[in-house]
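Colleague: The sequence and its predicted three-dimensional model are supplied below.
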Amino acid sequence: MMTLILFYVTSAVAVFATIMMITRLNAVHGLLYLILSLLAVGVIFFLLGAYFAAVLEVIIYAGAIMVLFVFVIMMLNQGHKTIAQERAWLEPGTWLGPSLLALILFTEMLVVIVQGGSAETGHVVSASQVGMALYGPYLIAVELASILLLTGLVGAYHLGKPILKMAKPRSEP
Amino acid sequence: MSVIPAEMGLLLSGLLFVLGLIGVLARRNLIMILMSLEVMLNAAGLAFIVAGSRWGQADGQILFLLVLTLAAAEVGIGLGLALQIFHRFKTLDADSINQMQG
């Protein structure tokens, strides 16, 4: 019963954060709500018993991929407007909404901890089960995923190289 | 049988997917389009996890891992392209980049 209530509250947080994300005019404001949406989906993974996927969602999606977005947004906002922009971004209206949503998720975590550290889900698929299947029948998928990541690395390097060249003092006309 | 009904999980997944689709179609900022794409990929991963939890199999989480890999590669390439477009056209508006004669 408690798990069901937590599930509905988290779903509401995820949907609300996503709606706020697609309606923000400023990319940074949208990014804050997107992180909240991803964290809420991570909590839902936990409630569904997929602990390994929940950890990966927080570390890779809300951690690594969002850092990439922040880097690119910061790279595109150079110049004299930056200081005024930073001041505008730090207004209370900007971070109050995401903070409230994060507070709801934090309260849910406290509720789960007080309850005894785990939500009562039906099927818990542990990380060892995932690992056994991943390196057994799904071995070719792992190889293909690694090739995909290598392709992404080479492609991103190739796309980013001319910009690094352009950033240097220009010698060509 | 899980406590959380699988229909509700799939409903949430579909709702998030549609919201991401609306974002891709309605927004014209390239960064916002990429972020909405992330929401769509995440919703697809959520559907896999719900199905894996419904039948108690590890396959759902493995497919989520593959979706995660795809999202990481897609974001790397997409942000590289956005940087290139910004440096060439000085804008991130997807509508103003309609002349690509090379």
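Modeller: Good, I have the coordinates. Every value quoted in this text rests on a predicted model; they were computed, and no experiment measured them.
Colleague: Next secondary structure after the helix or strand bottoming out on mean pLDDT in chain A?
Modeller: Confidence across the helices and strands of chain A bottoms out at helix A:81-89, with a mean of 66, counting by mean pLDDT, DSSP states H and E. Tracing the chain C-terminally past helix A:81-89 and defining elements by DSSP states H and E, one meets helix A:92-115 next.
Colleague: Check which helices and strands that following helix sits against.
Modeller: In this structure, helix A:92-115 packs against helix A:2-23, helix A:27-47, with contacts taken as 3 or more Cβ pairs under 8 Å, 6 or more residues apart in numbering or on different chains; DSSP states H and E. Every residue, glycine included, has its C-beta placed from N, CA and C.
Colleague: residues contacting the residue nearest in space to the middle of chain A?
Modeller: Chain A has A:A62 as the residue nearest its centroid, 2.2 Å off, counting by Cα atoms, centre = their mean. Each residue near A:A62 by Cβ atoms under 8 Å, 6 or more residues apart in numbering or on different chains is listed here: A:I35, A:L38, A:L39, A:G42.
Colleague: ok, those vs B:A82, which is closest?
Modeller: When the contacts of A:A62 are ranked by distance to B:A82 (Cβ to Cβ), A:I35 comes first, at 18.8 Å.
Colleague: Was I right to think that closest one contacts A:P98?
Modeller: Yes - when contacts are counted by Cβ atoms under 8 Å, A:I35 is listed as touching A:P98 (7.5 Å).
Colleague: picking up where we left off before, pick the most buried one from the helices and strands packed on helix A:92-115.
Modeller: For the helices and strands packed on helix A:92-115, the largest average neighbour count (mean count of other Cβ atoms under 10 Å in any protein chain shown) is found in helix A:27-47, namely a mean of 24.
Colleague: For chain B, which residues score under the pLDDT cut-off?
Modeller: Counting by pLDDT under 70, chain B shows low-confidence ranges at B:1-2, B:100-102.
Colleague: mind checking the longest helix of the chain?
Modeller: Just so you know, I chose chain A. If you go by DSSP state H, chain A has its longest helix at helix A:139-167.
Colleague: To clarify, I was referring to chain B.
Modeller: Ranking each helix of chain B by length (DSSP H) puts helix B:59-89 first.
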